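*Asks:* sequence and predicted model, in that order:
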Amino acid sequence: MPEREPTIFDRILDGTIPCYRVYEDDHVLAFLDIGPLSLGHTLVIPKERVAQLHELSDDAAAALGRVLPRLCRAVMHATGATAYNVLQNNGSAAHQAVRHVHFHIIPRFEGSGFQISWEPGSLDEATAHEIAGKIRRAVSHEP
Ligand code: AMP
């Protein structure tokens, strides 16, 4: 497993600092974000201690994938939100502050202050063929 510095989420997993826990199983813990972007903002983390999504084992990834939709339904039910974002940051350039894999479930309400800046570019055919081919080849070499 890749080396990484312990994070605040390790201390939550170890029980040395508290959290507002909403779900736990053998592989996954979910708790309220301490700096919520909206009411019900929830973090879902694997118990496997890796920094970024591409480092997760298939078993940990499967366990997360299994409960994420369930937790989204629970957050929507509890908050009354009918819209939400699932956000997952990897690396400092992607605004990852805590180097332990985590998914944000962020309920969205009309008029709430949370903004995502999204400035789409364009995709020309040559670039599309080239990058799609590179990704296909990389995926085919995955175990
Ligand atoms: P990210 O920028 O994706 O790494 O987000 C890290 C998130 O962890 C932020 O939204 C923080 O508010 C949240 N966070 C940091 N420390 C705690 C904590 N002790 N309990 C709950 N959430 C935390």
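*Replies:* Done, it's in. Residues are numbered from 1 along each chain as shown.
*Asks:* okay, now Ala74: neighbour count?
*Replies:* 17 (other CB atoms under 10 Å). Every C-beta, even on glycine, is put in place using the N, C-alpha and C of the backbone.
*Asks:* same check, this time on His41
*Replies:* His41 is flanked by 21 other residues according to other CB under 10 Å.
*Asks:* what parts of this structure come near the ligand?
*Replies:* Contact residues (CB under 6 Å from any ligand atom) of the chain with the ligand: 8, 19, 33-35, 43, 89, 95-98.
*Asks:* give me the phi and psi angles of the residue most central in space within the chain.
*Replies:* Nearest to the centroid of the C-alpha atoms of the chain, with distances taken as CA atoms, centre = their mean, sits Phe103, at 2.0 Å. Phi and psi for Phe103, reported as degrees, to the nearest 10, are phi -110, psi 130.
*Asks:* might you report the residue contacts of Leu43?
*Replies:* Counting by CB atoms under 8 Å, 6 or more residues apart in numbering, Leu43 makes contact with 30-33, 102-105.
*Asks:* and it, what element?
*Replies:* Element membership for Leu43 (DSSP states H and E) is strand 42-46.
*Asks:* give me the distance from the helix or strand that comes right after that strand to the chain's centre.
*Replies:* Counting by DSSP H and E, the element after strand 42-46 in chain order, helix or strand, is helix 58-79. Offset of helix 58-79 from its chain centre (CA atoms, centre = their mean, to the nearest Å): 11 Å.
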